[in-house]
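Participant: A predicted structure for the sequence below; I have some questions about it.
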Amino acid sequence: MEQGAQGSCGARTAAPRAAPDRARTAGSGRGTAGDAAGDAARGEHTHGEAGPAGPRPPVQRSSVRGQVLAALRAALVAGELRPGEVYSAPALGERFGVSATPVREAMQQLAQEGAVEVVPNRGFRVVERGARELAELAEVRTLIETPVVLRLARTVPAERWAGLRPLAEATVRAASANCRATYAEADRAFHRAVLALAGNEQLVRIADDLHRRAQWPLVGGPAARGRAALIADAHDHTALLDALIAGDQEAVRALLEQHFRAD
């Protein structure tokens with residue numbers, strides 16, 4: 001599943017797109033009468049095709065729920081599951097080559113995380129997020145992470161920071177490839193590694209949850225952040241490491257504030 005959903009961003013871009021009006025929320029008034037009749041016959045008013053990513057390979061049966069959850073998270077970040085749209089578990093199960101049960105379980109997890117909301121008898125609607133929510137998340141992340149990283153800047157030796165260089169470089173490669181799902185994972189992996197040096201598992205868990213929420217697309221789709229913005233965001237990681245290695249706490253503070261605002 002993870003390979004099928006997060007694989008080559010080039011493959012995703014090249015895949016045929018589904019008819020744009022087949023999936024919509026109730027009362028949108030878009031689509032044809034034939035589409036509406038087909039949705040009603042299936043008992044759903046949702047996306048039923050493969051979507052922008054095209055057909056997906058069947059899921060391996062081991063750890064199906066976890067693989068479905070990872071694939072859905074990747075689809076959210078990439079904008080394949082669009083804010084405001086409703087998706088049914090049976091339709092997504094068909095898309096991923098699994099039954100509806102692991103999809104429902106994964107969607108329930110996403111509902112707990114605030115990514116989707118349950119629509120009774122229809123499925124799950126992707127939550128519509130605005131700039132204010134993103135700004136609030138950035139503020140909370142700044143309040144939590146900045147004091148910790150500044151403390152670590154005073155105590156962690158330079159060679160430990162240098163050991164995180166491959167993770168920072170991985171974010172640059174993903175950004176250069178304009179692969180949003182891969183970048184999102186690499187971005188969070190770098191931040192987890194930095195905070196893990198504090199030795200506080202609860203801190204890492206809470207910060208990672210906030211970071212994941214900050215990665216979900218705003219209303220208007222993934223075009224809101226282009227390749228150039230991803231690359232700039234990635235280079236913040238390498239610049240932050242340079243400042244940490246140099247012990248320049250003022251530069252560390254400024255880079256973190258800039259980075260959280262950009263996220």
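Facilitator: Here it is on my side, so go on.
Participant: so for the longest helix along the chain, what gets flagged as buried?
Facilitator: Longest helix of the chain, by residue count under DSSP state H: helix 131-155. Within helix 131-155, the residues scored as buried using 16 or more other CB atoms under 10 Å are 133-134, 137-138, 140-142, 145-146, 148-149, 152-153. C-betas here are computed from N, CA, C, even on glycine.
Participant: which secondary structure elements does the helix or strand following it contact?
Facilitator: Note on helix 131-155: by DSSP states H and E, the next helix or strand toward the C-terminus is helix 158-162. When contacts are defined as 3 or more CB pairs under 8 Å, 6 or more residues apart in numbering; DSSP states H and E, helix 158-162 packs onto helix 227-246.
Participant: contacts for the next helix or strand after the helix it packs on next, please.
Facilitator: Following helix 227-246 in sequence order, the next helix or strand is helix 249-262 (DSSP H and E). Contacts with helix 249-262, where a contact means CB atoms under 8 Å, 6 or more residues apart in numbering, come from 138-139, 141-142, 145-146, 149-150, 153-154, 229, 232-233, 236-237, 239-240, 243-244.
Participant: for the nearest residue to residue 227 once chain neighbours are set aside, helix, strand, or coil?
Facilitator: Spatial nearest neighbour of residue 227, chain neighbours left out: residue 178 (4.2 Å); criterion: CB to CB, 6 or more residues apart in numbering. Using DSSP: H, G, I helix; E, B strand; the rest coil, the structure places residue 178 in coil.
Participant: do you know the pLDDT at residue 178?
Facilitator: For residue 178, the pLDDT comes out at 88.
Participant: check residue 132 too.
Facilitator: Residue 132 is assigned a pLDDT of 89 by the prediction.
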